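K.L.:
here is my input, please return the structure:
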Amino acid sequence: MVDVFILIPRKDRHALTTVTIVYTHTDEAPALATASLLPIVTAFAHAADVEIETRDISLSGRILAAFPERLSESQRVPDALKELGELAMTPEANIIKLPNISASIPQLKVAIAELQASGFDIPDYPEEPQTDADRDARARYDRIKGSAVNPVLREGNSDRRAPLSVKAYARKHPHVNKPFAAGSKTRVATMGHDDFFSNEKSVVMTSADTLSIRHTATDGTETVLKSGLAVLDGEIVDATFMSASALDEFLAETLRQATSDNVLYSVHLKATMMKVSDPIIFGHVVRAFFADVFAQHGAALEAAGLTANDGLGSILAGLSNVAGGAEIAASFEAAIAQGPRLSYTNSDKGITNLHVPSDVIVDASMPALVRNGGKLWGVDGGEDDTIAVIPDSSYAGVYQATIDDVIAHGPLDPATIGTVPNVGLMAQAAEEYGSHDKTFEIVADGRVDIVNAAGEVLITHDVHKGDIWRATQAKDVPIRDWVKLAVSRARATGSPAVFWLDEKRAHDAHIIAKVRTYLKDHDTTGLTIEIMAPAEATTFSLTRIRRGEDTISVTGNVLRDYLTDLFPILEVGTSAKMLSIVPLLNGGGLFETGAGGSAPKHVQQLVEENFLRWDSLGEFFALAASLEHFSQTTGNAKALVLANTLDRATGTFLEEDRSPGRKLGMIDNRGSHFYLGLYWAQELAKQNEDAQLAATFAPVAAALAENGDKIVGEMIAVQGKPVDIGGYYRPDAKLVDQVMRPSATLNGIISSLG
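P.N.:
Model (predicted):
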């Protein structure tokens, strides 16, 4: 009888008792794929005396961990994210981190409803807390939404690049980057004034201190927005705001331009990671597009608790409970028909660019636009030019520079181009992604001050009602480590390293000063290290990449996110195939497996057709790096053999083109895992470094090869029919195991390893 492998968090252990590799259990397609891959990995690793444990940091797991007192003993789950955050600060850390949901409020609400329907007694998300219980629940949920996971685990800076095997495959089997049509009207629209970039002020702390943020209204009313903000000597503290009135004027103008140019209207934000500011901006866009509807029905929508910040889809879904809801829905439909032509994320289902704030994530959507020749999709599914609205001008120029380059020089050819790896400053919640607890929508005209413990005002802004004000931090130790990592990568590769920093931006000016200081601590003889503003660095890197040359981008946290989608999508077709290593500050390692932007669509296809197109290649790379790190830190030589053979197996996997197909009847994610296991076992069986491992895997390799057709047949046979996985945000583990491990033959062979 074949054992059933169920990917669930262990409840009998709340802390790691030995040095192990920790696999994170996350969400959507990555979690489903891991349910197929991890049994193979665990069996292979166990044969080399490497133990693997899982920890549940999924959105549902984090929700349940936040309300233990409301759950029965059997329903409670440990706070795995807190545990892993503590582990990440130790030398023993070895964490494989898969993409997780960075939940927008609409996603959070749906996840809560699913859990409630499954019998978990958790509270609703309080939109407007009225009681102490509401405020407590809101505070707990606010710690879960958005980019709650990454700032906790990323206790180090990022080293992200396309592995050589992936580049070689892309050159041999290039995807198509489409040219822009002659006379293309596609362009980026950005504010350029009265936004986060232009209003930024920055200070460098000369000693450790405790800061507070206070708002003083014009009538003298003083409100402490945040107190007890601890900062360190040398830390950079920034503050800025986006003018609500300027934003509305900008949006009205872009809508007029879209109509005049007869192009699609699209907005590109990051409402998942920038979980406070960007949903508010998204709400401004929704209200601007449907200005007449909100003028007529805004009071009724507000009374019903329906907010533009959650998107058009959330509003339409809630209208069934609103008096006159059908009339209001018709008004929205009429506005779509009469206004500028909207971009659609799913025209078949009538889902526009304005339906869900988390549907259009700028770092994935803009590279897809460039790759598609500047085209997005309209109501009928046809492609057309677009005005890509990115309100804040901090990084919008990167995308306009890319568009300009492709228009001037044609699309990038994956068969010949170089690569742009990234060294990213992200440790200890650096920069904008650490701003969530310091971002506020201003409730009254007045002033916002950052004040130190002595009562001195460090930064001040005059603000108006509705403005979006935020503060950010960047500690000195991560900056030093970031510079060190950049120099080491430049030395290791011989490629130029370019710091993407704009001296006209207050924060960047301080970073530039630190970079120049800390570069003196390293031997940079023979290295090319430059500092350029983002748009200039974009053009510089694209010029080099067209010549087949490599250039290391050294960036802050947000640009790290943007560029590790932009360049990989143009270079190798996806950001899911990247090697992402985070050398943690205290000696441990975090190994990330790629981006998860396409995960929701893959889940939908699995449920409808029992076909999972998700590509786990990034997981293969992360695992190999994790095993190598495990060997280095524990002295386990067998782990290094596993790492090296997995590397070679992945090369064969790419050469034989065993990635998931796109159509029924082809192998999907599960079939790709079989082939990886086959090639890995074959490499282990023929290697000479460890005779015991070779002997262990020789019969496994033979059995997999002999039964290959049967295994693939068993996997393909289940395709084409709907499947039940018992939930979207918290699927049933046994059902997932049955769906994701459909080959009894493969399962039996893997079980033979113990």
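
K.L.:
measure stretch 549-558 end to end?
P.N.:
Using C-alpha to C-alpha, to the nearest Å, one end of stretch 549-558 lies 24 Å from the other.

K.L.:
that one: which residues count as buried?
P.N.:
Asp550, Thr551, Ile552, Ser553, Val554, Thr555, Gly556, Asn557, Val558 (16 or more other C-beta atoms under 10 Å). Every C-beta, even on glycine, is put in place using the N, C-alpha and C of the backbone.

K.L.:
over to stretch 313-330?
P.N.:
Gly313, Ser314, Ile315, Leu316, Gly318, Leu319, Val322, Gly325, Ile328, Ala329.

K.L.:
those in strands, which ones?
P.N.:
Per DSSP state E, strands hold no members of the buried residues of stretch 313-330.

K.L.:
return the member of these nearest to Asn669.
P.N.:
Each of the buried residues of stretch 313-330 was scored against Asn669 by C-beta to C-beta, and Gly313 proved nearest at 28.0 Å.

K.L.:
which non-adjacent residue is nearest that closest one?
P.N.:
Leaving aside its sequence neighbours, Gly313 sits nearest to His355 (C-beta to C-beta, 6 or more residues apart in numbering; 3.8 Å).

K.L.:
let me have the buried residues of stretch 313-330 in CSV, extended by pLDDT and distance to Thr223.
P.N.:
As requested, the buried residues of stretch 313-330 are exported to CSV (pLDDT from 0 to 100; distance: C-beta to C-beta, whole Å):
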residue, pLDDT, distance to Thr223
Gly313, 93, 33
Ser314, 92, 29
Ile315, 95, 30
Leu316, 94, 35
Gly318, 93, 31
Leu319, 93, 35
Val322, 89, 33
Gly325, 93, 36
Ile328, 95, 34
Ala329, 95, 38
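
K.L.:
before we move on, what SS does the closest residue to Gly146 other than its chain neighbours have?
P.N.:
For Gly146, ignoring the flanking residues on the chain, the nearest one in space by C-beta to C-beta, 6+ apart is Lys275 at 2.3 Å. Secondary structure for Lys275, judged by DSSP: H, G, I helix; E, B strand; the rest coil, is coil.

K.L.:
which residues does Lys275 contact?
P.N.:
Each residue near Lys275 by C-beta atoms under 8 Å, 6 or more residues apart in numbering is listed here: Ser102, Ala103, Ser104, Lys145, Gly146, Ser147, His436.

K.L.:
turn those residues into CSV, columns for neighbour count, secondary structure and pLDDT.
P.N.:
CSV is the format used below for the contacts of Lys275 (neighbours: other C-beta atoms under 10 Å; DSSP: H, G, I helix; E, B strand; the rest coil; pLDDT from 0 to 100):
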residue, neighbour count, secondary structure, pLDDT
Ser102, 24, coil, 82
Ala103, 27, strand, 82
Ser104, 26, coil, 80
Lys145, 25, coil, 82
Gly146, 27, strand, 75
Ser147, 23, coil, 75
His436, 22, helix, 84
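
K.L.:
ok, the residue nearest to Gly313 to Pro39 distance?
P.N.:
Distance of His355 to Pro39, computed by C-beta to C-beta, to the nearest Å: 37 Å.

K.L.:
hang on, the earlier thing: closest to Glu83 out of the contacts of Lys275?
P.N.:
Closest to Glu83, out of all of the contacts of Lys275 and judged by C-beta to C-beta, is Ser147, at 18.7 Å.

K.L.:
that closest one and Val276 touch, don't they?
P.N.:
No. Counting by C-beta atoms under 8 Å, Ser147 stays clear of Val276, with 10.6 Å between them.

K.L.:
what residues are shared contacts of these two?
P.N.:
With C-beta under 8 Å, 6+ apart as the test, Ser147 and Val276 both reach His436.

K.L.:
where does the prediction get shaky in the stretch 601-750 of the chain?
P.N.:
In the predicted model of the stretch 601-750 of the chain, no residue satisfies pLDDT under 70.

K.L.:
returning to that earlier point: how about the buried residues of stretch 549-558 in CSV, adding distance to Ser60 and secondary structure?
P.N.:
Shown next, in CSV, are these (distance: C-beta to C-beta, whole Å; DSSP: H, G, I helix; E, B strand; the rest coil):
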residue, distance to Ser60, secondary structure
Asp550, 41, coil
Thr551, 41, coil
Ile552, 38, strand
Ser553, 35, strand
Val554, 36, strand
Thr555, 32, strand
Gly556, 31, coil
Asn557, 26, helix
Val558, 27, helix
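
K.L.:
from those residues, which is closest to Ala271?
P.N.:
Taking C-beta to C-beta as the measure, Ala271 lies nearest Val558 of the buried residues of stretch 549-558, at 13.7 Å.

K.L.:
contact partners for the closest residue in space to that closest one that isn't next to it in sequence?
P.N.:
Spatial nearest neighbour of Val558, excluding adjacent residues (C-beta to C-beta, 6+ apart): Glu432 at 5.1 Å. Applying C-beta under 8 Å, 6+ apart to Glu432 gives the contacts Met274, Arg470, Thr472, Gly556, Asn557, Val558.

K.L.:
same question for Lys721.
P.N.:
Going by C-beta under 8 Å, 6+ apart, Lys721 touches Glu609, Asn610.

K.L.:
any buried residues in stretch 701-711, and which?
P.N.:
Ala701, Ala703, Leu704, Asn707, Ile711.

K.L.:
my error: substitute stretch 297-309 in the last question.
P.N.:
Residues His297, Ala300, Leu301, Ala304, Leu306, Thr307, Ala308, Asn309 are the ones in stretch 297-309 that count as buried (16+ other C-beta under 10 Å).

K.L.:
can you list the buried residues of stretch 313-330 in TSV and add distance to Ile112?
P.N.:
As requested, these are arranged in TSV below (distance: C-beta to C-beta, whole Å):
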residue	distance to Ile112
Gly313	17
Ser314	14
Ile315	18
Leu316	20
Gly318	15
Leu319	20
Val322	21
Gly325	23
Ile328	25
Ala329	24
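
K.L.:
return the two entries of the buried residues of stretch 701-711 that lie farthest from one another.
P.N.:
Ala701 and Ile711 (13.4 Å).

K.L.:
circling back to that earlier point, of the buried residues of stretch 313-330, closest to Ser580?
P.N.:
Once C-beta to C-beta is applied, the member of the buried residues of stretch 313-330 that ends up nearest Ser580 is Gly313, at 31.4 Å.

K.L.:
look up how far Ala334 lies from that closest one.
P.N.:
In terms of C-beta to C-beta, Gly313 sits 17 Å off from Ala334.

K.L.:
what's stretch 107-125 in contact with?
P.N.:
Residues contacting stretch 107-125 (C-beta under 8 Å, 6+ apart): 59-60, 63-64, 67, 70-71, 75, 101, 103, 105, 133-134, 137-138, 141, 144-145, 310, 314, 358, 727-730.
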